[in-house]
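Quick one, structure for this:
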Amino acid sequence: QVQLVESGGGSVQAGGSLRLSCAASGYTYSSYCMGWFRQAPGKERQWVATIWPGGGRTLYAGSVKGRFTISQDNAKKTQYLQMNSLKPEDTAIYYCAADSRPCMTYSEWGYWGQGTQVTVSS
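Residues are numbered from 1 along each chain as shown. Model (predicted):
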């Protein structure tokens, strides 16, 4: 059974940094497409970033490009989202996601974590 568990959320002032982690279990981690999403109150869920199996390719939403970095550690079966220069508009619940299909070939991901809250104050 696939399980994804996020951690690392919290409260930070604008301009600060946070690193989110997503520990995976129950599948062959290195073969899955991994990603991060976020959902702010009253808004739809928004895709943030994707990392291809093996970590050789990444893709970011325009709103976070240059500030956020997605990475993974296959030995630890964990993916990360390093968030720098945080802005109040980054406030949201952040979710990690995984899917066994080739990256970016679907709109709905197969597996989700429970989410972790990130709050950025001005």
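
Please tell me the pLDDT value assigned to the nearest residue to residue 10 once chain neighbours are set aside.
Setting aside the residues directly before and after it, residue 10 is nearest to residue 18 in space (C-beta to C-beta, 6 or more residues apart in numbering), at 6.2 Å. The way it works is simple: take the backbone N, C-alpha and C, and place the C-beta from them, glycine included. For residue 18, the model assigns a pLDDT of 98.

and residue 18, how many residues sit next to it?
Using other C-beta atoms under 10 Å, residue 18 is surrounded by 21 other residues.

likewise residue 44?
By other C-beta under 10 Å, 6 other residues sit near residue 44.

can you offset everything so residue one is 36?
Fine by me, first position is 36 from now on; the one you just mentioned is residue 79.

Tell me which helix or strand it sits in.
For residue 79, there is no enclosing helix or strand under DSSP states H and E.

Can you tell me how far it is from residue 151?
Separation of residue 79 from residue 151 (C-beta to C-beta, to the nearest Å): 19 Å.

Many thanks, we can stop here.
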